[in-house]
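S.K.: Mind folding the following:
(2 chains)
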Protein chains: 2
Amino acid sequence: VQALASVIDAIVPHLRPGTLVADVASVKVRPIALMQERLPTSVDIVGLHPLFGPQSGRDGIRGLPIVVCPVRPADTAAVIDFLANRLELTVSVQSAEEHDRAMAHVQALTHFVAAALAKMSLPETPIVTPSYAHLRKFVDMVRFDSPLLYEAIQCENPYAGEVRASFVQHVQALAKALDVRQTSDEFAPVPTSGPQPA
Amino acid sequence: VQALASVIDAIVPHLRPGTLVADVASVKVRPIALMQERLPTSVDIVGLHPLFGPQSGRDGIRGLPIVVCPVRPADTAAVIDFLANRLELTVSVQSAEEHDRAMAHVQALTHFVAAALAKMSLPETPIVTPSYAHLRKFVDMVRFDSPLLYEAIQCENPYAGEVRASFVQHVQALAKALDVRQTSDEFAPVPTSGPQPA
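M.R.: From the prediction side, this is the model:
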């Protein structure tokens, strides 16, 4: 995503009228705005977001999800037909805004929470609850994503900032409410390691 | 947990010498300290934490995990034998401190993150990544826990506060780093809904 503007400028001289230009960025509003701004009106544009990568697609991509954002719609039907029938992907057609709004939760919030948890060196313990197992699993799924993907998901999605801010606020408010409760706790002080009653 | 002190005081008159008293609270340091403080020295004490409840144990409890914290050890071997061989539970023997330190992550952090996410009304969307599916699943697993259990896990575990504080700090630092990056973003402004280039 971060290189898209310069890539567009580099390819412009080579585009013939009627060429279809598609991006495959993880966010859609800004890349599509860039393409609309910088590509000649003689080319067609479609925004794509394949929700898989080398890892999740390594055993084949059949049935995996892809989002299509029609921009200059000349070839959109042919694109969808190719994706759905030749590649056998599961196609969702959305506007760039719908896509980025959904992805502010699906991707940005998820990766943000995982990034914070990944900093905490979650202990291996012999006793694990099912919910802790889920938490560790979802941290492990995103911790090896590249920093550039993380930055694109967070910073190139115009709705991600407000979702992150909302999460930060909830976390702070919940922590505050619990800390107040904890200090007013009168009946169960942390025991000093004194002797047991004899 | 919150009623343990008054329960102990209520049962004291009925305890005969050699009686075994066990609690089944989700935290162990404070309940065990309370029992040591308030129970007569003539009774035996063991701390238990069955990591399951009416939901997770409704199809049988065989193989499910339980933590045993020996306190006054007279009957601990018999307790472990009963739990492991009669109830067929998976028994871990830990000190109260070991237990609560592990649970500050396994339970307190997990439920805290889930509580914050539960406040955000995560959208249903047609496109869902595997990591988002895990995130939703782990929120759903804890969102119906009782407020009293949530409070016990958070406020009666002496190590939970510092783990929460660490998470809050990481969240704030990551959000700040991303917000700086977002505002210095020069090449991809949020598009105004102006007309496409003609």
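
S.K.: For the rest of this, base every contact and every neighbour count on C-alpha atoms.
M.R.: Will do.

S.K.: can you tell if the least confident helix or strand in chain A by mean pLDDT touches chain B?
M.R.: When the helices and strands of chain A are compared on mean pLDDT, DSSP states H and E, helix A:130-142 comes out lowest with a mean of 84. Yes: Helix A:130-142 comes into contact with chain B (C-alpha under 8 Å from any C-alpha of the partner chain), by way of A:131-132, A:134-135, A:137-138, A:141-142.

S.K.: need the next SSE after that helix, C-terminal direction.
M.R.: helix A:147-155 (DSSP states H and E).

S.K.: Packing partners of that following helix?
M.R.: With contacts defined as 3 or more C-alpha pairs under 8 Å, 6 or more residues apart in numbering or on different chains; DSSP states H and E, helix A:147-155 has these neighbours: helix A:160-183, helix B:160-183.

S.K.: Please state the offset of it from the chain centre?
M.R.: In terms of C-alpha atoms, centre = their mean, to the nearest Å, the centre of helix A:147-155 is found 8 Å from the chain centre.

S.K.: Can you give the contact residues for it?
M.R.: Residues outside helix A:147-155 that contact it (C-alpha atoms under 8 Å, 6 or more residues apart in numbering or on different chains): A:1-2, A:26-27, A:104, A:107-108, A:111-112, A:160-161, B:178-179, B:181-182.

S.K.: Compute the inter-axis angle for it and helix A:160-183.
M.R.: Going by axes from the mean of the first three to the mean of the last three C-alpha atoms, to 10 degrees, helix A:147-155 is angled at 90 degrees with respect to helix A:160-183.

S.K.: Tell me how many other residues crowd A:Ala78.
M.R.: Around A:Ala78 there are 11 other residues, counting by other C-alpha atoms under 10 Å in any protein chain shown.

S.K.: Look up the pLDDT of it for me, please.
M.R.: pLDDT, A:Ala78: 91.

S.K.: for A:Thr129, same thing?
M.R.: 82.

S.K.: Next, the contact list for it, please.
M.R.: Residues near A:Thr129 by C-alpha under 8 Å, 6+ apart: B:51, B:106-107.

S.K.: Any chance of JSON lines for these, columns pLDDT?
M.R.: Formatted as JSON lines, these follow (pLDDT from 0 to 100):
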{"residue": "B:Leu51", "pLDDT": "90"}
{"residue": "B:Val106", "pLDDT": "92"}
{"residue": "B:Gln107", "pLDDT": "92"}
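
S.K.: Within reach of chain A, which of those residues are there?
M.R.: Among these, the ones lying near chain A by C-alpha under 8 Å from any C-alpha are B:51, B:106-107.

S.K.: quick one: which of those is nearest B:Val91?
M.R.: B:Val91 lies nearest to B:Leu51 out of the ones next to chain A among the contacts of A:Thr129, by C-alpha to C-alpha, at 10.5 Å.

S.K.: ok, how many other residues are close to that closest one?
M.R.: 18.

S.K.: ok, so what distance separates it from B:Arg72?
M.R.: Look at B:Leu51 and B:Arg72: by C-alpha to C-alpha, to the nearest Å, they are 22 Å apart.

S.K.: what does A:Arg16 give?
M.R.: 84 Å.

S.K.: go on, A:Phe82?
M.R.: According to C-alpha to C-alpha, A:Phe82 stands 71 Å off from B:Arg72.
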